[in-house]
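*Asks:* just coords:
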């Protein structure tokens, strides 16, 4: 999550879709609303190729560094 003047902090979701799949931020938001409490639903959805290691794990430190540049 990132600091926000209005909310205090907001949650961003970074999404990498599987090959040959499609989805929109609205579809993902609706799914989140059906599974999470309203205050836990992310405010921003970013479709992005996630940085990964050779064993296909997400490089969280690198992802945070890239996200700060948004």
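*Replies:* Good, I have the coordinates. Nothing here was measured: the structure is a model prediction, and the numbers come from that model.

*Asks:* how far away is residue 67 from residue 56?
*Replies:* Distance from residue 67 to residue 56, counting by CB to CB, to the nearest Å: 20 Å. Placement of C-beta: from N, CA and C, glycine included.

*Asks:* show me which of these two is the more surrounded one.
*Replies:* Neighbours per residue, other CB atoms under 10 Å: of residue 67 and residue 56, the larger number sits with residue 67, 13 against 7.

*Asks:* would you mind pulling the contact partners of the helix or strand harbouring that one?
*Replies:* Per DSSP states H and E: residue 67 is located in helix 60-68. Contact partners of helix 60-68, identified using CB atoms under 8 Å, 6 or more residues apart in numbering, comprise 2, 12, 14, 50-51.

*Asks:* one more pass at 10 Å, please.
*Replies:* With CB atoms under 10 Å, 6 or more residues apart in numbering as the test, helix 60-68 has contacts from 2, 12, 14, 46, 48, 50-53, 59.

*Asks:* filter those to the buried ones?
*Replies:* Listed as buried from those are residue 14; burial here means 16 or more other CB atoms under 10 Å.

*Asks:* please flag which of the contacts of helix 60-68 sit within strands.
*Replies:* 2, 12, 14, 46 (DSSP state E).
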